[in-house]
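**Student:** Structure for the following, please:
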Amino acid sequence: MQAYKLNATIDESGHLIIDEPLNIAPGKVEVIILQPVASLKTTTETTTESQPEKPKRQTKIKALQGWFEKTQPTPSDFDPDQARWEALKEKHNL
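**Tutor:** From the prediction side, this is the model:
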């Protein structure tokens, strides 16, 4: 199955409007819709609530245990393919 990534909008009447032309063979398709979640605004005020304890990531490699405790988990909107592409563009001056 061939995959395409397109940007689209849903109008007020609920119709899907694809923002760019699409040149594929006619036939049935499967549509998966991913709607971005609005990010929460961060404030500079300090809160008195205690922060939830980070879940500890387990590893059998002792050298990595301390490193895992210091690092932050990846954000939910992290795209590894986009990160690879950015690194390749920087490496090869594209």
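**Student:** Now do the strands in this structure.
**Tutor:** 8-10, 16-18 (DSSP state E).
**Student:** Relative to residue 68, which of those is closest?
**Tutor:** strand 8-10 (38.7 Å; CB to CB). Bear in mind the C-beta positions are built from the backbone N, C-alpha and C, glycine included.
**Student:** Residue 65: how many residues sit nearby?
**Tutor:** By other CB atoms under 10 Å, the residues close to residue 65 number 13.
**Student:** Local confidence estimate at it?
**Tutor:** Predicted confidence (pLDDT) for residue 65: 79.
**Student:** when you give positions from now on, start the count at 624
**Tutor:** Sounds good: first residue 624 from here, last item residue 688.
**Student:** Tell me the spatial nearest neighbour of it, not counting adjacent residues.
**Tutor:** Sequence neighbours aside, residue 682 is the residue nearest to residue 688 in space, at 5.9 Å (criterion: CB to CB, 6 or more residues apart in numbering).
**Student:** wait, isn't residue 627 in contact with residue 646?
**Tutor:** No: Residue 627 is beyond contact range of residue 646, at 10.0 Å (criterion: CB atoms under 8 Å).
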